[in-house]
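1. all I have is the shape, not the residue letters:
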């Protein structure tokens, strides 16, 4: 059976599910301790408080803050994606050493450098792949 992993976007749904489970457990506890009539009174008394809490939880972010959150999510997802593309672009295996990464970068740079007739955008992609591959080895 495969393990279930939550993505960055599923965290809110997981927190909501956890909150609902805690509410169910709390309701069962209240019913057990106070009985049916006491539980009903308790729920009526705390209904306004619960409504206010729900309003706070559901309140949407301001558009500028939501845009900032979306940009941050995109950066996090871009930074945490697998490095297989970077190593493939350099033409080396994923477990390469620093020396192998540098040599592969220099070999590809000779072909793709704009001064050698290569494409500027392709060279920038190569340099970014080199930077990320080196950063993954240093850690």
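-> That came in fine, so what should we check first? In this text the structure is predicted, and so the values were computed from the model without any measurement.

2. what count of nearby residues applies to residue 96?
-> 18 (other C-beta atoms under 10 Å). No exception for glycine: its C-beta is placed from N, CA and C like everyone else's.

3. and for the one 3 residues further on?
-> Residue 99 is flanked by 9 other residues according to other C-beta under 10 Å.

4. which secondary structure elements does the helix or strand where residue 127 lies contact?
-> Using DSSP states H and E, residue 127 sits in helix 120-138. In terms of contacts (3 or more C-beta pairs under 8 Å, 6 or more residues apart in numbering; DSSP states H and E), helix 120-138 is packed against helix 84-90, helix 98-112.

5. how about those, which one is nearest residue 46?
-> helix 84-90 (52.4 Å; C-beta to C-beta).

6. about what we covered before: how far away from the center of its chain is the helix holding residue 127?
-> 22 Å (C-alpha atoms, centre = their mean, to the nearest Å).

7. buried residues of it, list them for me.
-> For helix 120-138, burial by neighbour count (16 or more other C-beta atoms under 10 Å) applies to 123, 126, 129, 130, 132, 133.

8. contacts for it?
-> Contacts of helix 120-138 with the rest of the structure, by C-beta atoms under 8 Å, 6 or more residues apart in numbering, involve 83, 85-87, 89-90, 96-98, 101-102, 105, 108-109, 112-114.

9. mind running it again at 7 Å?
-> Outside helix 120-138, the residues that touch it by C-beta atoms under 7 Å, 6 or more residues apart in numbering are 83, 86-87, 89-90, 97-98, 101, 105, 108-109, 112-114.

10. related to what we said a few turns ago, which one among the buried residues of helix 120-138 gets closest to residue 14?
-> Nearest to residue 14 among the buried residues of helix 120-138, with distances taken as C-beta to C-beta, is residue 132, at 29.1 Å.

11. ok, residue 86 - contacts?
-> 129, 132, 133.

12. now render the residues you listed as CSV, adding pLDDT and distance to residue 39.
-> Shown next, in CSV, are the contacts of residue 86 (pLDDT from 0 to 100; distance: C-beta to C-beta, whole Å):
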residue, pLDDT, distance to residue 39
129, 89, 61
132, 86, 57
133, 87, 60
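
13. fine, thanks again, bye for now.
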